[in-house]
Structures are given as C-alpha cells and as structure tokens.
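Colleague: okay, structure incoming, though there's no sequence with it:
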C-alpha cells in the first residue's frame, strides 16, 4: 500500500497536474501566424504571435486584437483598436480623430495615410479597428465595427518569425542591396 502511494505521488500526480495546467494554458493563450502586411511595421508576414484572451478586461484603444472576420467565415484578422464603445471616430487630413482630437499614432507605417472616415459613434459592445499599414489594410473603414463577441484576444508578443523581412524604416535610408534583417530581430518582441 505504501509503495502504491509512493508511485502515485511520484508518477501519476505530476502528470495529472501537468495535464490540468496545459488545459488551462490552452484556454487562455493561443499562437497565430500573420499572413499579410496590413499591420506592418508592428507585425510582419510570418510572425508567430502570442494572443491572450480577455476575461474580465475589455479591449482598449491602442490594443492589437485578433478577431473573427466581420464578413463571416472562419477567417481570423488582426488590427489595432482606435475606437471603443461611445467614441466619436472620424478623420481629418488623413489622420484619425477621436472625440474631435487627433489621435497620436506613432505605430502607423505612414503618417496621414488613413484616408476618409465618416464620423460615427462606436456602438456599445463594438470596436473600430484599423491596420497600422493604412495603405494596405481592409479594416473598419471597409466593413464597419467589430463586435465584442467576435474578439478572440489581445496580441501580446511576437514569439518568432518564420520569414526574413526588410525593416521598412531602415529600407528607406539603406542601399537597395542592403541585406534583409534576420528572423532573430523578431524573436520575443513585445507588441506595442
């Protein structure tokens, strides 16, 4: 009997604890791959991102979120929240405004590239989202707001990148034959 308890404590109990922790982690954390440049420079094609679910908290302005496509289907998209419920969102001279004030957006690929956004108040349980690469992004300007029930979670970190890439800022000043940056440059990088 004593031997059975010892075997249980040393073998079965740690395995059971590991399985329970794995199930909990799987429910709270997901890894997704970025397919396009709509969120460049923050996210590049081939980036593998860590996404955590929202449990009690809700998305805030500036968060990068993963959500189910508003056009239906199983497609998942990633964009940045620029408007939360109750915000008056519009644009002026290519810049996003919230409540009549220009939004500071240091993360966009090209300043003043938002285009036209008709003034709208973001409905309850919805978010207005835009890609950081406004010239190459289908987002709330095309299909409207994202409903809370469509949100999967918040993109927290680039774990690794499966492709090489050229840094767009460095590419503007570098010689055209300059080498691309390595995957290592995008290893365990927090998403801002």
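Modeller: Nice, thanks for sending it over. Computed from a predicted model, the values in this text were never measured in an experiment.
Colleague: for the rest of this, base every contact and every neighbour count on C-alpha atoms.
Modeller: OK.
Colleague: what's the distance between residue 96 and residue 163?
Modeller: Distance, residue 96 to residue 163, using CA to CA, to the nearest Å: 31 Å.
Colleague: repeat for residue 9
Modeller: 45 Å.
Colleague: can you pull out the helices in the protein?
Modeller: Counting by DSSP state H, the chain has helices at residues 2-7, 13-28, 140-143, 168-173.
Colleague: and the contacts of the shortest one?
Modeller: When you say that, I think you mean helix 140-143. Applying CA atoms under 8 Å, 6 or more residues apart in numbering, the external contacts of helix 140-143 come out as 70, 71, 117, 128, 129, 130, 146.
Colleague: among the residues you listed, which are in strands?
Modeller: Judged by DSSP state E, these include 128, 129, 130, 146 as members of strands.
Colleague: and of those, the nearest to residue 35?
Modeller: Nearest to residue 35 among these is residue 130, at 16.1 Å by CA to CA.
Colleague: identify the farthest-apart pair in the contacts of helix 140-143.
Modeller: By the measure CA to CA, 71 and 117 form the most distant pair in the contacts of helix 140-143, at 19.3 Å.
Colleague: of the two, who's got more company?
Modeller: When neighbours are counted by other CA atoms under 10 Å, residue 117 comes out ahead of the other of residue 71 and residue 117, with 17 against 9.
Colleague: residue 71 versus the residue of the chain most remote from its centre, what's the distance?
Modeller: For the chain, the residue at maximal distance from the C-alpha centroid (CA atoms, centre = their mean) is residue 1, at 53.2 Å. Distance of residue 1 to residue 71, given as CA to CA: 61 Å.
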